[in-house]
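# quick one: sequence plus predicted model below, questions after.
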Amino acid sequence: SHPGAIRFWTCADSGTTLTERMSIESDGTVALNGDLTVATAGSTIAQEAWTAVSYGAGWADYSVIYLGVSYMKDSLGFIHIRGMAKKTSGTADLVFTLPAGYRPANRLIFSVQYYDASVTYVHGRADVQTNGKVTIEYPSTPAVGDWVSFGAINFDTQAEP
């Protein structure tokens, strides 16, 4: 059901239920599912799981066949955001808010793939603010039927020098 993708599944030693742990998609995206523990010579690094966002008014997961929007902090302290959201009602530009500890020290701007139902595919602008709000700033008025893909948002929480 996933042409061109590689999926990794594991099962507990005494169990019979498989759980998908990792996938490599046909576009090269690597997805880690659940908690990840990396064993190195003499030490262990625990990786936190992805957390689904709580959407702002009028936003929702794009579709069950695509990842909903989620975020995580990696073992080096970098924040990663992934997934797709769609506009379901209203014109609010607030897609979701990141919790404390996952917010940048300075406002950040990212280019995102955006589908403007009245035009076509465009490069949109997503802002990640110091209060955790993640907003769509272009197009300036998101409309019902529009969607956004958060595929390349990565940042640290340290202030710039």
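Sure, I can see it.
# distance of Lys73 from Thr10?
23 Å (Cβ to Cβ, to the nearest Å). C-beta coordinates here come from the backbone N, C-alpha and C atoms, glycine included.
# more neighbours, those two?
Set side by side, Lys73 and Thr10 show more neighbours around Lys73, with 16 against 12, by other Cβ atoms under 10 Å.
# and that one, what is it in contact with?
48, 79-80, 101-102 (Cβ atoms under 8 Å, 6 or more residues apart in numbering).
# closest to Asn33 out of these?
Glu48 (12.3 Å; Cβ to Cβ).
# give me the number of residues near the closest one?
Counted with other Cβ under 10 Å, Glu48 comes out at 12.
# and what of Asn33?
Burial of Asn33 is recorded as 15 neighbouring residues (other Cβ under 10 Å).
# where are the low-confidence patches of the chain?
Along the chain, segments meeting pLDDT under 70 span 1-2, 34-42, 45, 161.
# so the residue nearest the centre of it bridges to which residues?
Nearest to the mean C-alpha position of the chain, by Cα atoms, centre = their mean, lies Arg82 at 1.8 Å. Beta-bridge pairing of Arg82 under DSSP bridges involves Ser70.
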